[in-house]
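# no sequence on this one, just coordinates:
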């Protein structure tokens, strides 16, 4: 695999995935700001952050791994991305539940809706929406 194109392809995909997640996250935060109080909005913002940050970290780690090792399989990169994403998600959820008072329902709803932003990726990757 060509390291320059592989790394840039992963980073390009990361941009599209994060944009899809941020779009749905912002829509959910707007909905929460209309329907709930400040506590619910804060919980929604935390839920969106828990969905976006681990996805971004996993994709950046895969891009870094392909830069450092030319002969790496795509299956390994996918497993690495998934592992990093789930570990950071679990750590962030545990830290938030333990140390920050939040509305758990609003946080998990925001996380779930934002996580669905991955499914917007094929729509955002059409030529009329392409950012690169």
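Now that the structure is in, tell me what you want to look at. Keep in mind that this is a model prediction, so the values were computed, not measured.
# packing partners for the worst-scoring helix or strand of the chain on mean pLDDT?
Among the helices and strands of the chain, helix 121-124 carries the lowest confidence by mean pLDDT, DSSP states H and E, at a mean of 68. Helices and strands touching helix 121-124, as assessed by 3 or more Cβ pairs under 8 Å, 6 or more residues apart in numbering; DSSP states H and E, comprise helix 3-35. Quick note: C-beta positions are derived from backbone N, CA and C, even for glycine.
# and the following helix or strand past the helix it packs on with helix 3-35, angle?
Using DSSP states H and E, the helix or strand that follows helix 3-35 in sequence is helix 38-68. On the basis of axes from the mean of the first three to the mean of the last three Cα atoms, to 10 degrees, helix 38-68 is oriented at 180 degrees to helix 3-35.
# Just the pLDDT for residue 34.
With respect to pLDDT, residue 34 scores 94.
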